[in-house]
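*Asks:* need a structure here:
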Amino acid sequence: MKYPTVFHLISSAFNKKNVSGILIGGFAVSYYKYSRQSADADFLIKERDFQEILPILKESGYKLDYNNEVFARLISDEGLLMMDIDFMFVDEATFDKMFQAGQRTDIAGCEFIVPSLEHLIALKLHSMKQNSDLRWNKDIGDIVSLVEIGQLDINGKSFKDLCLKYATEEIYRKVLAII
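*Replies:* Sure thing, here's the model as predicted:
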């Protein structure tokens with residue numbers, strides 16, 4: 001097998017095509033010392049950069065399972081690469097802002113950027129807003145833990161503004177009730 005893990009494959013694809021991605025989801029949450037199981041690898045990327053690396057991923061045994069204007073999922077049944085890969089597409093300005101504010105981390109000997117704590121919480125809030133029924137149980141635990149780890153003032157204007165910008169008043173009230 002050419003790549004021992006999905007992270008080696010993604011890192012290699014990014015390097016070969018000279019593109020960048022931001023590691024999000026469960027592995028990014030783990031960077032902040034909150035560990036939870038993750039069945040897939042999630043990345044934030046510009047859509048055109050995704051198109052650049054897609055042939056490499058396909059050559060390595062991945063196939064496109066789902067794709068729309070903001071999201072793509074790739075699946076594989078080949079050995080250690082069985083972990084699905086999800087890609088969330090953002091515009092260049094959003095990507096650049098998040099990339100610049102991100103933190104470097106090492107997974108399986110490969111370097112990735114993870115979002116800042118605030119950006120990661122914003123992504124979780126946005127996910128809940130888009131798919132509240134499906135995402136609530138997974139994302140609320142992440143948000144609560146990230147807020148505690150970051151010692152964020154949930155009653156402060158900054159946190160409320162973050163919630164209202166990326167979620168809804170209802171989600172903000174639910175978050176407050178849990179924390």
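
*Asks:* just checking, next helix/strand downstream of the helix of greatest length in the chain?
*Replies:* The longest helix of the chain (DSSP state H) is helix 132-149. Using DSSP states H and E, the helix or strand that directly follows helix 132-149 along the chain is helix 157-166.

*Asks:* before we move on, the earlier item: ok and the longest helix of the chain relative to helix 157-166, angle-wise?
*Replies:* Put simply, helix 132-149 runs at 160 degrees to helix 157-166, going by axes from the mean of the first three to the mean of the last three CA atoms, to 10 degrees.

*Asks:* tell me the mean pLDDT over helix 132-149?
*Replies:* Averaged across helix 132-149, pLDDT comes to 82.

*Asks:* how far away from the center of its chain is it?
*Replies:* Computed by CA atoms, centre = their mean, to the nearest Å, the chain-centroid distance of helix 132-149 equals 13 Å.

*Asks:* can you list contacts of that helix?
*Replies:* Residues outside helix 132-149 that contact it (CB atoms under 8 Å, 6 or more residues apart in numbering): 26, 29, 32-34, 36, 117, 120-121, 124-125, 127-128, 152, 154, 159, 171, 174-175, 178-179. Using the backbone N, CA and C atoms, a C-beta is placed for each residue, glycine as well.

*Asks:* could you look up the SS state of the closest residue in space to Ile22 that isn't next to it in sequence?
*Replies:* Distances taken as CB to CB, 6 or more residues apart in numbering put Leu44 closest to Ile22, at 4.2 Å, once the chain neighbours are dropped. With DSSP: H, G, I helix; E, B strand; the rest coil as the basis, Leu44 sits in strand.

*Asks:* pLDDT at the residue nearest the centre of the chain, what is it?
*Replies:* Nearest residue to the geometric centre of the chain (CA atoms, centre = their mean): Ile24, 2.0 Å. Predicted confidence (pLDDT) for Ile24: 95.
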